[in-house]
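Enquirer: what shape does this take:
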Amino acid sequence: MKRFSELGIKADESKKLIGDKIKVDKILNKEIAVLDYKVEDSKHNAGKCLYLQILVGDTKRVIFTGSKKLIELMLKTNSEQIPFTTTIVKEDDDSYNFT
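Expert: Purely as a prediction, here's the structure:
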């Protein structure tokens, strides 16, 4: 009989983001550091959800957003470009963008 360790089954190794959730509106126009991210299927609609691990002051926080623009921008980054500092701004069309 085989041992479980021989089956090659691994635990879900998805990124674990640390910190309390914070709404994007609470950090708009404030400089933050983006430490990590992941993009997954949204639990609330048919789109995607961006999970951002950020540093606000000295505190790690997590932002959840369905912003297509922020998702697109984060997917264009590579691991060598993270961490980075930025400010999230709300544009005229109510979408979010990094500065």
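Enquirer: residue contacts, Lys48?
Expert: Lys48 makes contact with Val39, Glu40, Asp41, Ser42, Gly66, Lys68, Ile71 under the criterion Cβ atoms under 8 Å, 6 or more residues apart in numbering. Placement of C-beta: from N, CA and C, glycine included.
Enquirer: any idea how far Thr99 is from it?
Expert: Using Cβ to Cβ, to the nearest Å, Lys48 is found at 22 Å from Thr99.
Enquirer: against which helices or strands is the longest strand seen in the chain packed?
Expert: Determined from DSSP state E, the single longest strand within the chain is strand 31-41. Under the contact criterion of 3 or more Cβ pairs under 8 Å, 6 or more residues apart in numbering; DSSP states H and E, strand 31-41 touches strand 48-56, helix 68-75, strand 84-90.
Enquirer: residue ranges with poor pLDDT in the protein?
Expert: 2, 9-15 (pLDDT under 70).
Enquirer: switch to 90 and redo it
Expert: Scanning the chain for pLDDT under 90 picks out 1-18, 41-47, 78-80, 92-94.
Enquirer: which non-adjacent residue is nearest the residue sitting nearest the centre point of the chain?
Expert: In the chain, the C-alpha nearest the mean C-alpha coordinate belongs to Leu52, at 2.2 Å (Cα atoms, centre = their mean). Spatial nearest neighbour of Leu52, excluding adjacent residues (Cβ to Cβ, 6 or more residues apart in numbering): Ile63 at 4.4 Å.
Enquirer: list the contacts of whichever helix or strand that neighbour is part of.
Expert: Here Ile63, judged by DSSP states H and E, is contained in strand 59-65. By Cβ under 8 Å, 6+ apart, the residues outside strand 59-65 that reach it are 17-24, 27, 35, 49-55, 71, 96.
Enquirer: just the buried ones from those residues?
Expert: Among these, those scoring as buried are 17, 22, 27, 35, 49-55, 71, 96 (criterion: 16 or more other Cβ atoms under 10 Å).
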